[in-house]
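**Q** Sequence and predicted structure, then a few things I'm wondering about:
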Amino acid sequence: MAALDSSAINPLLTPYKMGKFNLSHRVVLAPLTRQRSYNNVPQPHAVLYYSQRTTRGGLLIAEATGVSDTAQGYPHTPGIWTKEQVEAWKPIVDAVHAKGGIFFCQIWHVGRVSDSSYQPNGEAPISSTDKPLTPQIRSNGIDVAQFTPPRRLKTEEIPLIVNDFRLAARNAIEAGFDGVEIHGAHGYLLEQFMKDKVNDRTDKYGGSLENRCRFPLEVVEAVVNEVGAERVGIRLSPYAEYAESGDSNPEALGLYMVNALNKYGILYCHMVEPRMKTVGEKVECPHSLVPMRKAFNGTFIVAGGYDREDGIKAIAEHRADLVAYGRWFLANPDLPKRFALNAPLNKYNRQTFYIPDPVIGYTDYPFLE
Ligand SMILES: Cc1cc2nc3c(=O)[nH]c(=O)nc-3n(C[C@H](O)[C@H](O)[C@H](O)COP(=O)(O)O)c2cc1C
């Protein structure tokens, strides 16, 4: 087959051993929220969506999945804290496994990127802070999202949230996932602790870099103890400024985290490129993830604005072990094959990224003939 013929010269199509997982290529499905899990329950149409994007020995990361009933901030995002949700994930995971894929679940808490309508009893969302988030333009570029001012978590409540992540990880394994990716990126709860433009605490979870990283690292430790380091990855975006979550020294933050993660021996670190400073926009910038890549002992996955050529270069220059593709994989279910053949790509349609339709913009992107 032509797909295999090209592999000798295309680093993206070379095999890679990630812990106990034998990957047949380096093209990873990035976590992509699709808002088609009605009432936070994964739906049967996700079976087709994920299985379309599965290759034998390919790594897929599932969309951000809520760890508890306080974790949501968007309509129809899936969860993994109830029995019903765990059962609903099973046929989706089975379909990926039936085609030989390796499937990780991204476990998530939005923190203050929420409003009271998503919260139990209409309460305020929780965060590291009580600083409100100013209204943000939604990713469709038209609508404006409003947020309820958050409630600052008390010091003694933080172990409860750590426990939610632990239980979600256990549930993900129960659902059949091969592992979990802790969502520590994009301005959500873990970043609201890590980043000094948000975190204004004065307890042991605020102030110094060490203190700001304490909660995310407690989550890592709890999840590692629950499911084993060989099943745990994390996503970080030290340079991103989504949802007003910037940091005054992103490189120091990224380096501190990877060095701390090394102590737990987790499987992978998945970092978002500095050029993805704002949602959906790629900006040229002088920063690079190379210092973090060099410091981290496990598998290093990069994401953010990659195309085929760029991905080939990142692997060839050893700047990454794997490259995660978001929008191109969303629109091209057979992306690894297209990269192998250097075939043209379907364009993605932003208007259908987050609509609840079970087919349109979801499972109807065409495959190569
Ligand atoms: C529709 C859509 C949904 C996304 N959902 C998530 C998500 O659930 N979790 C996450 O960490 N990133 C999410 N992202 C970010 C992507 O994983 C990826 O980092 C981003 O799209 C940049 O990569 P790309 O240039 O290959 O698209 C999302 C992006 C898009 C376009």
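**A** Perfect, I can see it now. Numbers count the residues shown, from 1 in each chain.
**Q** Can you name the residues that contact Leu267?
**A** 18-19, 179, 229-233, 298-299 (CB atoms under 8 Å, 6 or more residues apart in numbering). C-beta coordinates here come from the backbone N, C-alpha and C atoms, glycine included.
**Q** now swap in Leu236 and tell me
**A** By CB under 8 Å, 6+ apart, the neighbours of Leu236 are 184-185, 254, 257, 269-272.
**Q** Same list (those residues) but as JSON lines, adding pLDDT and distance to the ligand.
**A** Output for the contacts of Leu236, formatted as JSON lines (pLDDT from 0 to 100; distance: CB to the nearest ligand atom, whole Å):
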{"residue": "Gly184", "pLDDT": "98", "distance to the ligand": "9"}
{"residue": "Ala185", "pLDDT": "98", "distance to the ligand": "5"}
{"residue": "Gly254", "pLDDT": "98", "distance to the ligand": "16"}
{"residue": "Met257", "pLDDT": "98", "distance to the ligand": "15"}
{"residue": "Cys269", "pLDDT": "99", "distance to the ligand": "13"}
{"residue": "His270", "pLDDT": "98", "distance to the ligand": "8"}
{"residue": "Met271", "pLDDT": "98", "distance to the ligand": "10"}
{"residue": "Val272", "pLDDT": "97", "distance to the ligand": "5"}
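**Q** Tell me which of those residues fall in strands.
**A** Counting by DSSP state E, the part of these found in strands is 184, 269-272.
**Q** and of these, the nearest to Asn211?
**A** Nearest to Asn211 among the ones in strands among the contacts of Leu236 is Gly184, at 15.9 Å by CB to CB.
**Q** Spatially nearest residue to the residue of the stretch 201-350 of the chain at minimum distance from the ligand (excluding sequence neighbours)?
**A** Residue nearest to the ligand within the stretch 201-350 of the chain (CB to the nearest ligand atom): Gly326, separated by 2.7 Å. Excluding the flanking residues, the one nearest Gly326 by CB to CB, 6 or more residues apart in numbering is Ala30, at 3.9 Å.
**Q** Surely the one you found and Leu322 touch.
**A** No. Between Ala30 and Leu322 there is no contact under CB atoms under 8 Å: 10.6 Å.
**Q** Which stretches in this protein count as helices?
**A** For the chain, the helices defined by DSSP state H cover 2-5, 45-52, 83-98, 158-174, 189-194, 209-212, 214-227, 250-264, 290-295, 308-316, 327-331, 335-341.
**Q** interface residues of the stretch 1-150 of the chain facing the ligand?
**A** By the criterion of CB under 6 Å from any ligand atom, the positions of the stretch 1-150 of the chain lying close to the ligand are 30-33, 63-64, 106.
**Q** In strands, which of those fall?
**A** Per DSSP E, these map to strands at Gln106.
**Q** nearest to Lys313, of the residues of the stretch 1-150 of the chain next to the ligand?
**A** Nearest member of those to Lys313, counting by CB to CB, is Ala30, at 18.2 Å.
**Q** burial count for the closest one?
**A** Other residues lying near Ala30 total 23 when counted by other CB atoms under 10 Å.
**Q** How about the backbone phi and psi for it?
**A** Phi and psi for Ala30, reported as degrees, to the nearest 10, are phi -70, psi 150.
**Q** picking up where we left off before, quick one: the residue nearest to Gly326 from Tyr306, how far?
**A** 9 Å (CB to CB, to the nearest Å).
**Q** okay, and the common contacts of those two?
**A** Common contact partners of Ala30 and Tyr306 (CB under 8 Å, 6+ apart): 324-325.
**Q** Out of the helices of the chain, which is closest to Asp357?
**A** helix 45-52 (9.1 Å).
**Q** just the CA coordinates of the closest one, formatted as CSV?
**A** Provided in CSV are the C-alpha atoms of helix 45-52 (Å, rounded to 0.1, in the frame of the first residue of the first chain):
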residue,chain,number,x,y,z
HIS,A,45,-23.1,8.8,17.6
ALA,A,46,-19.7,9.2,19.2
VAL,A,47,-19.0,5.5,18.4
LEU,A,48,-18.8,6.3,14.7
TYR,A,49,-17.0,9.6,15.2
TYR,A,50,-14.1,8.1,17.2
SER,A,51,-13.9,4.9,15.2
GLN,A,52,-13.7,6.9,12.0
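**Q** and the residue in the stretch 51-200 of the chain that the ligand sits nearest to, how many neighbours?
**A** Nearest residue of the stretch 51-200 of the chain to the ligand: Ala64, at 3.3 Å (CB to the nearest ligand atom). Around Ala64 there are 26 other residues, counting by other CB under 10 Å.
**Q** Pass me the low-pLDDT residue ranges in the protein, would you?
**A** Scanning the chain with the threshold set as pLDDT under 70 gives 1-8, 278-281.
**Q** which residue ends up closest to the midpoint of it in space?
**A** When CA atoms, centre = their mean is applied to the chain, the residue found nearest the centroid is Pro31 (4.6 Å).
**Q** ok, that residue - contacts?
**A** So Pro31 contacts 61-64, 106, 181, 183, 235 (CB under 8 Å, 6+ apart).
**Q** can you pick the most crowded of the residues you listed?
**A** His183 (29 neighbours).
**Q** Which strand residues bridge the residue lying closest to that residue once chain neighbours are set aside?
**A** Spatially, and ignoring its direct neighbours in sequence, His183 is nearest to Trp108 (4.1 Å; CB to CB, 6+ apart). Beta-bridge partners recorded for Trp108 (DSSP bridges): Gly66.
**Q** Kind regards, and thank you for your time.
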